[in-house]
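Undergrad: Sequence first, then the predicted structure, then my questions.
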Amino acid sequence: MTRPRLYSGMQPSADSLQIGNYIGALLQWRDLQEEYQAFFSVVDLHALTQPNDPAELREKTRRTAAQYIAAGIEPSKSTLYVQSHVRAHAELAWVLSTITGFGEANRMTQFKDKSARYGADQTNVGLFTYPVLMAADILLYQTDIVPVGDDQKQHVELTRDLAERFNSRYGQTFRMPMPVIQQDTARIYDLQNPTAKMSKSAESDAGVLWMLDDPAVSAKKIMRAVTDSEGVVRYDKENKPGVSNLLVIYAALTGRQIPSIEDEYAGRGYGDFKKGLAEVVVNEFGPVRARALELLDDPAELDRVLAANADRAAEVADATLADVYAKVGLLRRG
Ligand code: AMP
Ligand code: TRP
């Protein structure tokens, strides 16, 4: 029996992913690739909606792919590729844009947030049509599930609306994808500002644990993480966001339950707890970092793996695109 399909991706927007990406996305992807026929992309076309230095964008793209692999996404098991290597993405996005209402696109809250942040001068049309390109990513692969953070839920809903519209206008073409929204317990907050999500684009580096940070740097950041004055290692997200966040990280990386960690540190101070967590983080990311750096040491080999995966992706994507082109009435090249 063929396995159901899964699609997800991340933008190559930093040199290193942060551990929120790891805990909130990569760890789940790694497990899901066993049950699903999975497609994971580095969405470099999406990254063009923000200002980029070209050489840096190339480097970030490789680095993001290397970190997927280092975190356990296996390119022999899953299809792990760079979005721009498969031309069908941009082509399907164009066709889908012609069935997307302007008002419909204008309701996307991420566009409203980002365009307000960038200002009119820095807001381009690509940022506006970004969700349509994301719909193309998903629909090209006849995807069943799309694991994403809740900020992407509205985009997956738009994807479903577009699939339904296309199917009802032109006949069954796209499979209907389901969003799988990341659980709250998988959300990681900034160590210095524990009510804000840890993010690649945080203003300050001090509260972000980078996957490729030197372990000593990560340990130092953990020792300096914001806590509270109670001195008790106890989960209470409302009143103790800092300690609760550290507990969530601890639990996610060890597979332990939070109460068992609370018990272990009962009657001990935050210093001990942070030392314990620093050890957990260093043990987890030491090997991941080493593997990523090793992959980046041989970019030709990495590029070869990505090319082979892009070929596999294109086979699926091109079939969907050909069907779409025929259905909407584009004349086939003779
Ligand atoms: P981003 O590149 O920041 O948009 O993140 C890509 C994916 O990583 C998101 O869709 C989330 O699933 C996950 N992610 C990012 N930041 C966090 C975080 N602080 N906590 C948990 N998951 C996160
Ligand atoms: N927009 C997503 C984000 O910023 C990334 C993305 C692009 C994506 N295409 C996708 C996620 C398709 C899931 C499926 O996080």
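TA: Cool, the structure landed. Numbers count the residues shown, from 1 in each chain. Ligands and ions are numbered 1, 2, ... in the order given.

Undergrad: residues in the stretch 1-150 of the chain within reach of ligand 2, list them.
TA: Contact residues (C-beta under 6 Å from any ligand atom) of the stretch 1-150 of the chain with ligand 2: 7-11, 43, 46, 134, 137-138, 146, 148. Placement of C-beta: from N, CA and C, glycine included.

Undergrad: Distance to ligand 1 added to the residues you listed, as JSON lines?
TA: Converted to JSON lines, those look like this (distance: C-beta to the nearest ligand atom, whole Å):
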{"residue": "Y7", "distance to ligand 1": "12"}
{"residue": "S8", "distance to ligand 1": "8"}
{"residue": "G9", "distance to ligand 1": "8"}
{"residue": "M10", "distance to ligand 1": "4"}
{"residue": "Q11", "distance to ligand 1": "5"}
{"residue": "V43", "distance to ligand 1": "9"}
{"residue": "H46", "distance to ligand 1": "10"}
{"residue": "M134", "distance to ligand 1": "11"}
{"residue": "D137", "distance to ligand 1": "13"}
{"residue": "I138", "distance to ligand 1": "13"}
{"residue": "V146", "distance to ligand 1": "10"}
{"residue": "V148", "distance to ligand 1": "5"}
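
Undergrad: what sits against A206?
TA: The neighbourhood of A206, defined by C-beta atoms under 8 Å, 6 or more residues apart in numbering, consists of 191-192, 221, 224.

Undergrad: go again using 6 Å as the cut-off
TA: Going by C-beta atoms under 6 Å, 6 or more residues apart in numbering, A206 touches Q192.

Undergrad: what's the answer for M211, then?
TA: 16-17, 22, 67, 285.

Undergrad: quick revisit: buried among the residues of the stretch 1-150 of the chain next to ligand 2? Make that a ChimeraX selection.
TA: The following ChimeraX line selects those of these that are buried, judged by 16 or more other C-beta atoms under 10 Å:
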select :7,8,9,10,11,43,46,134,137,138,146,148
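
Undergrad: The residues of the stretch 1-150 of the chain next to ligand 2 in helices, which ones?
TA: 46, 134, 137-138 (DSSP state H).

Undergrad: any idea which of these is closest to A300?
TA: Of all those, H46 has the smallest distance to A300: 25.7 Å, by C-beta to C-beta.

Undergrad: so is the nearest residue to Q142 once chain neighbours are set aside in a helix, a strand, or just coil?
TA: Residue nearest to Q142 in three dimensions, not counting chain neighbours: R175, with 4.3 Å by C-beta to C-beta, 6 or more residues apart in numbering. R175 falls in the coil class when you classify it by DSSP: H, G, I helix; E, B strand; the rest coil.

Undergrad: For the residue of the stretch 201-334 of the chain found nearest ligand 2, give me phi and psi.
TA: In the stretch 201-334 of the chain, the residue that lies nearest ligand 2 is S201 (11.0 Å; C-beta to the nearest ligand atom). Main-chain torsions, S201, degrees, to the nearest 10: phi -110, psi 30.

Undergrad: Could you check how far the residue lying farthest from the centre of the chain is from V324?
TA: Distance from the C-alpha centroid of the chain, by C-alpha atoms, centre = their mean, peaks at G334 (40.3 Å). To V324, G334 is 19 Å away according to C-beta to C-beta, to the nearest Å.

Undergrad: circling back: quick check: of the ones in helices among the residues of the stretch 1-150 of the chain next to ligand 2, which lies closest to L253?
TA: Taking those together and measuring to L253 by C-beta to C-beta, the closest member is H46, at 28.5 Å.

Undergrad: can you give me the strands in the stretch 101-250 of the chain?
TA: Remark: strands assigned in the stretch 101-250 of the chain by DSSP state E, counting those that start in this stretch are 145-148, 178-181.
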